[in-house]
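Q: coordinates for the following, if possible.
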Amino acid sequence: MTTTKTTKIIYWIATAWLSLGMLSTGIVQLLQLEEEVASMENLGYPIYLLIILGIWKVLGVIAILIPKNALLKEWAYAGFFFVMTGALISHLAIGDAPTTLFGPALLLVLVITSWYFRPMNRTIKNQ
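A: Reported below is the predicted structural model:
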């Protein structure tokens, strides 16, 4: 894909929102706020998973935003994709309210959009 002004704008808007979303949820998970703990218990996951997810999200945001390291960026995008699809499937599996799907679905769309519109210098084949 050639990088035009429009694709750069789409990339940076999606990436900024993705970064804010992942960073904020990562921090909430690291702090183990009451609502987040309740959500994990409702899903049937151990609470220590919050720390693991929080650390991965913060590191993933750093990987996506720093220049170069295209392979690391691909891993971060893949990790975000797996975490968000896992969240969606988990909420669907226990029959959670449809409102619980909005956050993970939005972040999943931002992951795909940011990845698809990333500039050529942020892809593996060009490094």
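Q: can you show me the helices along the chain?
A: For the chain, the helices defined by DSSP state H cover 5-31, 34-43, 48-65, 70-93, 102-116.
Q: Thr123 is nearest to which of the ones you listed?
A: helix 70-93 (5.7 Å; Cβ to Cβ). All C-beta spots, glycine's among them, are computed from the backbone N, C-alpha and C.
Q: could I have the CA atoms of the closest one written out in CSV?
A: Provided in CSV are the C-alpha atoms of helix 70-93 (Å, rounded to 0.1, in the frame of the first residue of the first chain):
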residue,chain,number,x,y,z
ALA,A,70,8.9,-3.7,12.8
LEU,A,71,8.9,-7.3,14.0
LEU,A,72,8.2,-6.1,17.5
LYS,A,73,5.3,-4.0,16.2
GLU,A,74,3.9,-7.1,14.5
TRP,A,75,4.0,-9.0,17.7
ALA,A,76,2.3,-6.2,19.6
TYR,A,77,-0.5,-6.0,17.0
ALA,A,78,-0.9,-9.7,17.1
GLY,A,79,-1.0,-9.7,20.9
PHE,A,80,-3.6,-6.9,20.9
PHE,A,81,-5.6,-8.9,18.4
PHE,A,82,-5.5,-12.0,20.5
VAL,A,83,-6.4,-10.2,23.7
MET,A,84,-9.3,-8.4,22.2
THR,A,85,-10.8,-11.4,20.4
GLY,A,86,-10.3,-13.4,23.6
ALA,A,87,-12.2,-10.8,25.6
LEU,A,88,-15.0,-10.8,23.1
ILE,A,89,-15.3,-14.6,23.1
SER,A,90,-15.0,-14.7,26.9
HIS,A,91,-17.9,-12.3,27.3
LEU,A,92,-20.0,-14.1,24.7
ALA,A,93,-19.3,-17.5,26.3
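Q: that one: which residues count as buried?
A: Buried residues in helix 70-93, defined by neighbour count with 16 or more other Cβ atoms under 10 Å: 70, 73-74, 76-77, 79-80, 83-84, 87-88, 90-91.
Q: with stretch 8-23 instead?
A: Buried-residue list, stretch 8-23, by 16+ other Cβ under 10 Å: 11, 14-15, 17-19, 21-23.
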